[in-house]
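**Q** With the input below, show me the fold.
(4 chains)
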2 protein chains.
Amino acid sequence: MGVQAASLYAHVQSKEELLFLIVDRVADEFVTAIVPIAADRGRPAAQRLRAALHAHLGVVARNLTTATVYFHDWRACDPARRGAILQKRDRYEGAWRAIIADGVDSGELGPCDPHAAARGWLSVANWFHTWYRPEGPSSPGAIADTFADLLLEGLISR
Amino acid sequence: MGVQAASLYAHVQSKEELLFLIVDRVADEFVTAIVPIAADRGRPAAQRLRAALHAHLGVVARNLTTATVYFHDWRACDPARRGAILQKRDRYEGAWRAIIADGVDSGELGPCDPHAAARGWLSVANWFHTWYRPEGPSSPGAIADTFADLLLEGLISR
DNA sequence: CCTACCGATCGGTAGG
DNA sequence: CCTACCGATCGGTAGG
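**A** Residues are numbered from 1 along each chain as shown, chains lettered A, B, ... in the order given. This next block holds a predicted model:
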């Protein structure tokens, strides 16, 4: 940022608060991005899952540095702040589970444990930041489509 | 380890060397675990992928602490050692891609980009260490089966 | 937002 | 493997 390290303390009380401000902002971006998709219960679950993956990879791609801090260092927050982050993460992951549960209830998706299935989608989504490079050949949107196809249709030929 | 921090320097030259010894050992475990599966080209690709996921989650579950260091901190190695780690990782991920390519060639798996498909499987595999707890209700083997089903058959009802 | 500074911790060494 | 120690870095404060 072109600023002396000591100057940061005019803006934050401690290094730990700075970490929390970064991590909490990313957590909010994830929640904000999925809220409209979670609310759109009339739409087919497959489309909503695809949209959620698009949204997630978009948040990561637009905030690659801070998203990496979010995934890497949220555990380093003090217990109270970590609790606030965990609540937002739980809300976010709950939205994924609810979308899958909707699809299972309607028969659109095969019978499955929404918790386990959401974990699969979130694994792909959360691992993304470790390998995505903006200068690479594929856009986050194209990558989201590729993985949505894999997770919806599977690998087995038919 | 019940030892003074300074005493470690009787065994390692630097903190960086200690990091490398941990990370390199985990990298070797991954490679060793997949070699026989990669070599077993007569077997259906779906079975080999399932076995590879079993093997991967087993390595992580049996080395939860060091595997976490592996995923979290391999980038902190100095460039030369980081290169050695990357070579092992590339060899490991190449084995996954080869299994998928075998399945695509034989028609057992649908037409797909083995690179992208392997990335999906490896995302699930590599994210595992962030949430797995040995005292939890599911064994690594059961978890591997659940995810293998999801990735092979997909979520869509049929 | 910078300079000057402080105490604590950290990576590492010497000597036993 | 421990004690005693060293220089450098780190988180943070005071004063401007």
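
**Q** that's a helix at residue A:12, yeah?
**A** No - in this structure, residue A:12 is coil, not part of a helix, as judged by DSSP: H, G, I helix; E, B strand; the rest coil.

**Q** how deep is the nearest residue to it once chain neighbours are set aside tucked in, by neighbour count?
**A** Here the nearest residue to residue A:12 in space, its sequence neighbours aside, is residue A:18; by C-beta to C-beta, 6 or more residues apart in numbering or on different chains that works out to 4.5 Å. In short, each C-beta sits where N, CA and C put it, glycine included. For residue A:18, the count of nearby residues is 14 (other C-beta atoms under 10 Å in any protein chain shown).

**Q** Relative to the whole chain's centre, how far out is the one helix or strand residue A:18 maps to?
**A** Secondary structure assignment for residue A:18, by DSSP states H and E: helix A:15-39. Using C-alpha atoms, centre = their mean, to the nearest Å, the mean C-alpha position of helix A:15-39 is found 9 Å from that of the whole chain.

**Q** is it anywhere near DNA strand D?
**A** Yes - in terms of C-beta under 7 Å from any atom of the strand, part of helix A:15-39 sits within range of DNA strand D, namely A:15-16.

**Q** what's the average pLDDT for the lengthiest helix in chain A?
**A** Determined from DSSP state H, the single longest helix within chain A is helix A:79-105. Here helix A:79-105 scores 97 as its mean pLDDT.

**Q** Check which residues of that helix are buried.
**A** A:81, A:85, A:88-89, A:92-104 (16 or more other C-beta atoms under 10 Å in any protein chain shown).

**Q** Tell me who's in contact with the residue positioned nearest the centre of chain A.
**A** With distances taken as C-alpha atoms, centre = their mean, residue A:56 lies nearest the centre of chain A, 4.5 Å away. Counting by C-beta atoms under 8 Å, 6 or more residues apart in numbering or on different chains, residue A:56 touches A:30, A:33-34, A:125, A:128, A:144.

**Q** Only C-alpha atoms, please: export stretch A:71-87 in CSV.
**A** C-alpha atoms of stretch A:71-87 as CSV (Å, rounded to 0.1, in the frame of the first residue of the first chain):
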residue,chain,number,x,y,z
PHE,A,71,-9.6,-19.3,3.5
HIS,A,72,-6.1,-19.4,4.9
ASP,A,73,-6.2,-17.3,8.1
TRP,A,74,-9.7,-17.1,9.5
ARG,A,75,-8.7,-19.5,12.2
ALA,A,76,-6.2,-17.0,13.5
CYS,A,77,-9.0,-14.6,14.6
ASP,A,78,-9.6,-14.4,18.3
PRO,A,79,-12.5,-16.7,19.5
ALA,A,80,-15.2,-14.0,19.6
ARG,A,81,-14.5,-12.7,16.1
ARG,A,82,-14.0,-16.3,14.8
GLY,A,83,-17.5,-17.1,16.0
ALA,A,84,-18.9,-14.2,14.0
ILE,A,85,-17.1,-15.5,10.9
LEU,A,86,-18.3,-19.0,11.5
GLN,A,87,-21.9,-17.8,11.8
